[in-house]
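Trainee: 3D model of this:
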Amino acid sequence: MFGQTGMNVSVLGFGGAEIGFEGAGADTVEKILNTALDEGLNVIDTAECYVDSEELIGKAVSHRRNEYYLFTKCGHDGSYERDAWGKKDLAASIDRSLKRLRTDYVDLIQLHSCSAGVLRQGEAIEVLQAAKKAGKTRFIGYSGDNEDAAYAVNTGAFDTLQTSVNIADQKGIDKIIPLARERNMGIIAKRPVANAVWKNKSKPDYFYVIPYWERLQELKYDFCSLPLAESVAHALRFTLSVPGVHTAIVGTSKAKRWQENAEQLKSSTLSEKEFAEIRKRWEAVARTDWHGQV
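Mentor: Predicted structure coming up:
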């Protein structure tokens, strides 16, 4: 059960960033999502700044709206590079998301990497609370990391927390997730397979994944040398074994990838010993500046 929300979420959710940023076609998205829904997916997470992700999701599965929980995020006015935390901007963003997703409500609206300074002003939280009161969302949440996430959790205003947690990003396991568990919040793991960045034998060009690639060069987990499908499954099992995590949001623009991950999860689980070994390695190697990646 997803914290105090009462939603019975699937442990593996679908993240909508890749279909937007990687330019997935409508036919591909329809195949990914409809097949996944047929096989047990019931969580779809996106954001208004993921290019055309919301439109693609709305077109693909709005006709099956009662079969899944729909999450989105607000605060960046169409681009992750442009913050928009004012009341009017946030309210307009929520309405825009509903239109794009072809629905009159979402199950969860989240503030997207909102700073503690913005949260202290109170307006952003008030907009989400007003949207909930108006029936535009069932619950409100916070998506972010580090001190900003800790502040958000401690406000007591949010039903859920979405934060980075994976084999290369474990600070939240000690610092943030326990706080959220104390408040019985639903916990969503973002970037749960560390972008599978170990598949790159040399340093990748994409800035977003470089910190994880560099960390993994030092962490040197043995399982990262396994065939990619097996190593990804091992990494995903680790994230799902973190106490308090309810669902892990995995994005893909490839038609069969979600099903492959789901099938791998069915075949085996991570033992307590394997989980402890990954945690021990992190504690031995992680630097003090290895913060949660936003």
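Trainee: Could I get the buried residue list for the helix or strand harbouring residue 97?
Mentor: Per DSSP states H and E, residue 97 falls inside helix 87-101. For helix 87-101, the neighbour count (16 or more other CB atoms under 10 Å) marks 89-94, 97-98, 100-101 as buried. Quick note: C-beta positions are derived from backbone N, CA and C, even for glycine.
Trainee: could you show me where the strands are in the stretch 51-200 of the chain, in order?
Mentor: Applying DSSP state E, counting those that start in this stretch to the stretch 51-200 of the chain gives strands spanning 69-74, 106-112, 137-143, 160-164, 186-190.
Trainee: which other helices and strands contact the first one?
Mentor: To tie it back to what came earlier, the one meant is strand 69-74. If you count contacts as 3 or more CB pairs under 8 Å, 6 or more residues apart in numbering; DSSP states H and E, strand 69-74 packs onto strand 43-45, helix 87-101, strand 106-112.
Trainee: Indicate which one of the ones you listed is closest to residue 241.
Mentor: Smallest distance to residue 241 across the helices and strands packed on strand 69-74 (CB to CB): 18.2 Å, for strand 43-45.
Trainee: List the pairing partners of the closest one within its sheet, with orientation.
Mentor: Applying DSSP bridges, strand 43-45 is found paired with strand 12-15 (parallel), strand 69-74 (parallel).
Trainee: want to try JSON lines for those, with mean neighbour count, distance to residue 274 and mean pLDDT as columns?
Mentor: Output for these, formatted as JSON lines (neighbours: other CB atoms under 10 Å; distance: least, CB to CB, whole Å; pLDDT from 0 to 100):
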{"stretch": "strand 12-15", "mean neighbour count": "25", "distance to residue 274": "19", "mean pLDDT": "95"}
{"stretch": "strand 69-74", "mean neighbour count": "27", "distance to residue 274": "30", "mean pLDDT": "97"}
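Trainee: Export those to JSON lines and append columns for distance to residue 237.
Mentor: Putting the strands paired with strand 43-45 into JSON lines (distance: least, CB to CB, whole Å) gives the following:
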{"stretch": "strand 12-15", "distance to residue 237": "11"}
{"stretch": "strand 69-74", "distance to residue 237": "22"}
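Trainee: out of these, which comes closest to residue 220?
Mentor: strand 12-15 (26.9 Å).
Trainee: Give the next helix or strand downstream of that closest one.
Mentor: Downstream of strand 12-15, the next assigned helix or strand under DSSP H and E is helix 17-21.
Trainee: Please enumerate the helices of the stretch 151-294 of the chain.
Mentor: 171-175, 177-182, 210-219, 228-241, 257-267, 272-285 (DSSP state H, counting those that start in this stretch).
Trainee: Next, format the strands of the stretch 51-200 of the chain as a markdown table and append distance to residue 239.
Mentor: Converted to a markdown table, the strands of the stretch 51-200 of the chain look like this (distance: least, CB to CB, whole Å):
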| stretch | distance to residue 239 |
| --- | --- |
| strand 69-74 | 17 |
| strand 106-112 | 19 |
| strand 137-143 | 16 |
| strand 160-164 | 10 |
| strand 186-190 | 5 |
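Trainee: circling back: now, which of the buried residues of helix 87-101 sits nearest residue 65?
Mentor: Closest to residue 65, out of all of these and judged by CB to CB, is residue 101, at 8.9 Å.
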